[in-house]
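Engineer: I would like the atomic coordinates for the input below:
(one chain, ligands or ions: 1)
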Amino acid sequence: MSYQVYLVGGAVRDRLLKLPVIDQDWVVTGATPEQLEQQGFQQVGKQFPVFLHPKTKEEYALARREKKQGQGYTGFICDFSPNITLEEDLERRDLTINAIAQNEEGQLIDPFHGQQDLHDRLLRHVSNAFVEDPLRVLRVARFAARFQSFGFNVADETMSLMQQISDSGELNSLSPERIWRELEKALATDHPQTFFKVLAKANAMPILFSNLTWSEQDNSEDALRSLTNTQRWAIICRHTQLQDLKALHQTLRCPNQYKLLAEQVRDFLENRQVCMMAENWEAWLMSVNAIKKPQPFEKLIQVVSLITQTNLKDWLTLRNTIAKVNAASLIKQGYAGAELGEALKQERVRNLAALNSPLLFQGDAASP
Ligand SMILES: Nc1ccn([C@@H]2O[C@H](COP(=O)(O)OP(=O)(O)OP(=O)(O)O)[C@@H](O)[C@H]2O)c(=O)n1
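Structural biologist: This is a model prediction of the structure:
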């Protein structure tokens, strides 16, 4: 059988950028679904004819042409007959750097000059069909964040198309899950702020992240580098009022670990101070489960100490001080139930008050 197989998309792009290749996607021309199934390929795509290779389990898609019809992601007509050419398949793709194919002999097929754009560090759309998929606004912003250290920029004409998508209202048709997936990938890059900068320029921020108070001048990028994705999100959200942040998390259907940390950080910044009395510290430490959940607590204080430019060591000392208080000796003294709870609390407060810590307010009891 005379079908042709090409490596396409991210694998070709990343290899040309000398980056490690994680996933390999393939395009097949000149074949029907039945022919691939006869060869042992297993169909997985419902919307598109995508198959898993019998041995490598890599994805093989039949070359296809797409035409948008109606609103939203599902409004596509998809033609994957065996006469669709490789060029037609490449033409429906988002960026020229993602539209380079490599044949089995290792030759590159690059009708949209993706190699030139890789060289010129340009994120440029392939054709006007770019506007048919609003997710591409987020994808381009994500690629800008991911390849920022290479010096990539969004081509002006592409930025105009992104603005056109924002103005059309089509971004509203994206599901929260798809938006979140792109955001999470952007958080994992070295320059998550670039993702938001590009979205802001594309006029997409008020639509996608309307409750997020975010500053173009945010210069926390270096600090973000050593942090986890959840911590990065908490830092990015730190200027957003708690009420708005909760609404944003709800709209995005944000996973719990992101939501909890970002809201705890913002709650601290909004309602507490870095220099408080022992009983205020005790109440806060207990409210964020400092004793029972030491790991999430450490993630939290890494972020808060970074934002407030205080010493992480001092925050850890607070936790260790209250964690040492144990119930056994109080039980021996006859404490039980609510009284035991109160006695434990008093001891935690006493121990905190005895600390010589810059986080501890040493003034009179009437002040904070
Ligand atoms: N909305 C989309 C999604 C995907 N693609 C095309 O499908 C390929 C594979 O998509 P995907 O795996 O999502 O992205 P990659 O480019 O492989 O990047 P990543 O490394 O992030 O997986 C892309 O290169 C691009 O050619 C597209 O044109 N438009």
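Engineer: where does the protein have low pLDDT?
Structural biologist: Low-confidence segments of the chain (pLDDT under 70): 1, 70-75, 219, 364-368.
Engineer: restricting to C-alpha, output the host helix or strand of residue 14 in CSV.
Structural biologist: According to DSSP states H and E, residue 14 maps onto helix 10-16. This file holds the C-alpha atoms of helix 10-16, laid out as CSV (Å, rounded to 0.1, in the frame of the first residue of the first chain):
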residue,chain,number,x,y,z
GLY,A,10,6.2,20.1,17.7
ALA,A,11,8.7,17.3,17.2
VAL,A,12,10.2,18.8,14.0
ARG,A,13,10.1,22.3,15.5
ASP,A,14,11.8,21.3,18.7
ARG,A,15,14.5,19.2,16.9
LEU,A,16,15.3,22.2,14.8
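Engineer: mind listing residues that contact it?
Structural biologist: For helix 10-16, contacts defined as C-beta atoms under 8 Å, 6 or more residues apart in numbering pick out 20-25, 97-98, 100-102, 108, 114-115, 118. C-betas here are computed from N, CA, C, even on glycine.
Engineer: that one close to the ligand?
Structural biologist: Yes. Counting by C-beta under 6 Å from any ligand atom, the ligand is contacted by helix 10-16 at residue 10.
Engineer: related to what we said a few turns ago, list the ones among the contacts of helix 10-16 that fall in strands.
Structural biologist: In strands, defined here by DSSP state E, the members of the contacts of helix 10-16 are 25, 101-102, 108.
Engineer: tell me the most packed of these, by neighbour count.
Structural biologist: Among the ones in strands among the contacts of helix 10-16, the one with the most neighbours (other C-beta atoms under 10 Å) is residue 101, at 26 neighbours.
Engineer: who's it bridged to?
Structural biologist: residue 8, residue 109 (DSSP bridges).
Engineer: who are the contact partners of it?
Structural biologist: Contacts of residue 101 (C-beta under 8 Å, 6+ apart): 6-8, 12, 27, 86, 90, 108-110.
Engineer: which single residue of the chain approaches the ligand most closely?
Structural biologist: Residue nearest to the ligand within the chain: residue 10 (2.4 Å; C-beta to the nearest ligand atom).
Engineer: picking that back up, buried stuff in the helix holding residue 14?
Structural biologist: For helix 10-16, the neighbour count (16 or more other C-beta atoms under 10 Å) marks 10-13, 16 as buried.
Engineer: now the helix or strand where residue 144 lies - C-alpha only, CSV.
Structural biologist: Using DSSP H and E, residue 144 sits within helix 135-146. Taking C-alpha atoms only, helix 135-146 is exported to CSV below (Å, rounded to 0.1, in the frame of the first residue of the first chain):
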residue,chain,number,x,y,z
LEU,A,135,-7.6,28.5,21.3
ARG,A,136,-4.8,29.7,19.1
VAL,A,137,-4.7,33.0,20.9
LEU,A,138,-3.7,31.1,24.0
ARG,A,139,-1.4,28.8,22.1
VAL,A,140,0.6,31.7,20.6
ALA,A,141,0.8,33.4,24.0
ARG,A,142,2.1,30.1,25.5
PHE,A,143,4.6,29.6,22.7
ALA,A,144,5.8,33.2,23.3
ALA,A,145,6.3,32.3,26.9
ARG,A,146,8.0,29.0,26.2
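Engineer: please, where are all the helices along the stretch 251-368 of the chain?
Structural biologist: Remark: helices assigned in the stretch 251-368 of the chain by DSSP state H, counting those that start in this stretch are 256-271, 278-287, 294-307, 312-323, 327-332, 337-353.
Engineer: quick one on the thing from earlier: pull out the buried residues from the contacts of residue 101.
Structural biologist: 6-8, 12, 27, 86, 90, 109-110.
Engineer: ok, these vs residue 305, which is closest?
Structural biologist: Proximity of the buried ones among the contacts of residue 101 to residue 305 (C-beta to C-beta) peaks at residue 12, which lies at 43.4 Å.
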